[in-house]
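Enquirer: from the sequence below, what's the structure:
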Amino acid sequence: MMKTFKIWTYKEGDVPLVHNGPMRYVYSIEGDFIEEMERNGNPMAASHPDEAHAFFIPISVTNIVYYLYTPSEIHHFSKRIQAIVEDYVGVIAERYPYWNRSNGADHFYVSCHDWGPSVSKGNPKLFQNLIRVLCNANRSEGFIPRRDVSMSEINGPFNNTPSVGSGKSPHNRSILAFFSGKVRGPIRSKLFQHWGNNEDKDIQVHTYLPKGQNYSEFISQSKYCLCPSGFEVASARLTEAIYMGCVPVIIKDHYVLPYSDVLDWSQFSVQVPVDKIPDLKKILQEIPFEKYLKMQKRVIEVQRHFRLNFPAKHFDLFHMILHSVWLRRLDVHLATIN
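Expert: Next up is the predicted model:
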């Protein structure tokens, strides 16, 4: 892929809605990805659209929301996002032959915002083939694994590059499982109902950590890190766990795990059905310690696939996203132009 796959990033449009995006906090991957694709010297960037195998639409849904959203529009703002993206596609389809020859099947956009999946819903026929690279990869909300790409959510710090380490030795992690976060959505509500802010030292579930406690330290001291859905299925906690060598415990419905075309998540994570939340402690305690050690070792091994590098490096987060796009592009058969 690295030697042959070429991507054209459309030049049309103006910042801040196009060619720009956030590079901090939970939606930072939008800006990070645009930055990497438009970086001078990117070896996967096509020098001319005729040599491209895929076409990137560099729109940031997060920036559209940030710059244009007003509270009075909450019930119909998604339609405004849809109109902006549809107008952009109209421009590139008029200027170039590439969208029309494949009906958009070799085109993709990247979005981590909660409203990212709704971009294509305003005109389903126009966008029926478009590859959507999304953090919120929810099958119950229209995510199609054979066409769309599930992308990991990253909580980008001020320096844009999250730190990655091994945390404490797996033999010295005293907390069985840990979660800290707001009570958002029915799954977290159920988690807090059974395990929230209680006296159990093995399963520690907090809305807010006690004053003076460090979030990263808790992850480093935990064997397992709980990753429940909030209002949406995506969560940066999945990558935060991996970054600190903590085995993720995925508690989500209808979620398509990132890069599952090539990563076997059963080897380095635990998936717990929502209705088994009351049995969480029993489920985790019944995992043999030797099996936990193997999973934790594999968490360390897969860290490079979730790591953010500027410029991108082989097998890192950017290349995992592009590899997923490449696999879907292989299924596209362009119409013959006579």
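Enquirer: I'd assumed Val205 was in contact with Gly196.
Expert: Yes. If you go by CB atoms under 8 Å, Gly196 and Val205 touch, sitting 4.9 Å apart. For glycine as for every other residue, the C-beta is placed from the backbone atoms N, C-alpha and C.
Enquirer: more neighbours, the two?
Expert: Val205 (21 against 17; other CB atoms under 10 Å).
Enquirer: isn't that one right up against Pro228?
Expert: No. With contacts counted by CB under 8 Å, Val205 stays clear of Pro228, the gap being 9.3 Å.
Enquirer: mutual contacts of the two, please.
Expert: Common contacts of Val205 and Pro228, defined by CB atoms under 8 Å, 6 or more residues apart in numbering, comprise Phe179, Leu191.
Enquirer: how many residues are close by the residue lying closest to Val91 once chain neighbours are set aside?
Expert: Using CB to CB, 6 or more residues apart in numbering and skipping residues adjacent in sequence, the residue nearest Val91 is Glu12, 5.5 Å away. When counting by other CB under 10 Å, one arrives at 13 neighbours for Glu12.
Enquirer: list the contacts of Glu12.
Expert: Contact partners of Glu12, counting by CB under 8 Å, 6+ apart, are Val18, Tyr88, Val91, Ile92, Arg95.
Enquirer: what about it, distance to Arg147?
Expert: 24 Å (CB to CB, to the nearest Å).
Enquirer: how far away from the center of its chain is the helix or strand where Val91 lies?
Expert: Applying DSSP states H and E as the criterion places Val91 in helix 77-95. Helix 77-95 sits 23 Å away from the centroid of its parent chain (CA atoms, centre = their mean, to the nearest Å).
Enquirer: hmm, who's touching it?
Expert: With CB under 8 Å, 6+ apart as the criterion, helix 77-95 contacts 10, 12-13, 17-18, 55, 57, 59, 61, 64-65, 68-69, 73, 98-100, 104, 109, 115, 118-123, 126-127.
Enquirer: would you confirm that Phe33 contacts Met320?
Expert: No. Look at Phe33 against Met320 with CB under 8 Å: they stay out of range, at 11.5 Å.
Enquirer: Three-state assignment for Asp279, please.
Expert: Classification of Asp279 by DSSP: H, G, I helix; E, B strand; the rest coil places it in helix.
Enquirer: from Trp8, how far off is Ala54?
Expert: Taking CB to CB, one finds Ala54 at 8 Å from Trp8.
Enquirer: how about the helices of the protein, start to end?
Expert: Assigned helices in the chain, in chain order: 28-37, 61-68, 77-95, 98-102, 185-195, 215-220, 237-243, 280-285, 289-302, 317-329 (criterion: DSSP state H).
Enquirer: residues making contact with the fifth one?
Expert: Helix 185-195 has contacts (CB under 8 Å, 6+ apart) with 179, 181-183, 203, 205, 207, 226, 228-232, 251-253, 274, 277-278, 280.
Enquirer: how about it: buried residues?
Expert: The neighbour-count criterion (16 or more other CB atoms under 10 Å) identifies Ile187, Arg188, Lys190, Leu191, Phe192, Trp195 as the buried residues of helix 185-195.
Enquirer: can I get the CA coordinates of that helix in PDB?
Expert: Extracted in PDB, the C-alpha atoms of helix 185-195 (Å, rounded to 0.1, in the frame of the first residue of the first chain):
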ATOM      1  CA  GLY A 185     -26.400   7.700  28.100                       C
ATOM      2  CA  PRO A 186     -28.100   4.500  29.300                       C
ATOM      3  CA  ILE A 187     -25.000   2.300  29.300                       C
ATOM      4  CA  ARG A 188     -23.000   4.600  31.700                       C
ATOM      5  CA  SER A 189     -26.200   5.000  33.800                       C
ATOM      6  CA  LYS A 190     -26.300   1.300  34.300                       C
ATOM      7  CA  LEU A 191     -22.600   1.100  35.000                       C
ATOM      8  CA  PHE A 192     -23.000   3.800  37.700                       C
ATOM      9  CA  GLN A 193     -26.100   2.200  39.100                       C
ATOM     10  CA  HIS A 194     -24.200  -1.000  39.900                       C
ATOM     11  CA  TRP A 195     -20.600   0.200  40.500                       C
END
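Enquirer: for the remainder of this discussion, apply numbering that starts at 57.
Expert: Fine by me, first position is 57 from now on; the one you just mentioned is helix 241-251.
Enquirer: and it, how far out from the chain middle?
Expert: Remark: helix 241-251 is offset 23 Å from the chain centroid, using CA atoms, centre = their mean.
Enquirer: all strands of the stretch 57-206 of the chain, in order?
Expert: Remark: strands assigned in the stretch 57-206 of the chain by DSSP state E, counting those that start in this stretch are 63-65, 110-112, 163-167, 187-190, 205-206.
Enquirer: need those strands in CSV (columns: mean neighbour count).
Expert: Shown next, in CSV, are those (neighbours: other CB atoms under 10 Å):
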stretch, mean neighbour count
strand 63-65, 20
strand 110-112, 23
strand 163-167, 26
strand 187-190, 25
strand 205-206, 25
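Enquirer: with that, I have no additional questions.
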